[in-house]
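[1] Whatever this is, show me its structure:
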Amino acid sequence: MDEIDKKILKELQSNARLSNQELADRIALSPSPCLRRVRALEKQGVIRGYHASVDQEACGLPINVFVLVKLDKPTEDNMRDFERHIDSMDEVLECFLMTGNHDYLLHVVSESLKTYEQFIRRQLTPLTNIASIESSFAFGQVKRKTKLPIS
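    All right, here's what the predicted structure looks like:
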């Protein structure tokens, strides 16, 4: 990835709705080579998609919960099975494989404490091979950043 590619990524992270002409103007490149570079970044998987930033509370999902999960036996098959189930749960925005005392960290959103309880009871605890689940509720969000610090 060269400096032009990095400029493209910085601009698209700030505003993914830029037209190719606007993007080309901002990075001082003509439109055709700019579009070729964007397509190449997409093909390489560097640009994985374009998304709208949506207000979580306006969508009726004000609760953020960070859930630590420890598997009883974290074998490769058990981990793959857990990850497959987690991938199908819409409430789970992010899932990280962790080091330390827990195997996974989940970021879960919910409309209320009651719906979070239902998520735990109906979706998470029925999964096999879970040794423990610990939930921490966020009071608020201090910082949210979606732009990677590309230099």
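[2] For Q44, which residues are in contact?
    Shown in contact with Q44 (Cβ atoms under 8 Å, 6 or more residues apart in numbering): no residues. All C-beta spots, glycine's among them, are computed from the backbone N, C-alpha and C.
[3] Distance of it relative to V65?
    Distance of Q44 to V65, computed by Cβ to Cβ, to the nearest Å: 35 Å.
[4] for C95, same thing?
    Counting by Cβ to Cβ, the gap from C95 to V65 is 13 Å.
[5] Give the residues shared as contacts by the two.
    106-107.
[6] pLDDT weak spots in the protein?
    Of all residues in the chain, none has pLDDT under 70.
[7] Repeat the analysis, applying 90 as the threshold.
    Within the chain, the ranges that satisfy pLDDT under 90 run 128, 146, 151.
[8] and the residue nearest the centre of it, bridged to which residues?
    What sits nearest the mean C-alpha location of the chain, by Cα atoms, centre = their mean, is E94, with 4.9 Å. With DSSP bridges as the criterion, E94 is bridged to H107.
[9] what sits against M1?
    By Cβ under 8 Å, 6+ apart, the contact list for M1 reads V46.
[10] Can you tell me the element the closest residue to P33 other than its chain neighbours falls in?
    Nearest residue to P33 in three dimensions, chain neighbours excluded: A24, at 8.0 Å (Cβ to Cβ, 6 or more residues apart in numbering). For A24, the element it lies in under DSSP states H and E is helix 20-26.
[11] Going by residue numbers, what spans are strands in this structure?
    63-71, 92-97, 104-110, 130-137 (DSSP state E).
[12] I'd like these written out as JSON lines, with distance to R80 added.
    Formatted as JSON lines, the strands of the chain follow (distance: least, Cβ to Cβ, whole Å):
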{"stretch": "strand 63-71", "distance to R80": "11"}
{"stretch": "strand 92-97", "distance to R80": "11"}
{"stretch": "strand 104-110", "distance to R80": "13"}
{"stretch": "strand 130-137", "distance to R80": "15"}
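[13] mind giving me the domain ranges of this structure?
    The chain breaks down by automatic domain parsing into domains covering 3-43, 63-137.
[14] residues in contact with the residue of the chain positioned farthest from its centre?
    The outermost residue of the chain relative to its centre, with distances by Cα atoms, centre = their mean, is S30 at 32.7 Å. If you count contacts by Cβ under 8 Å, 6+ apart, S30 has them with A24.
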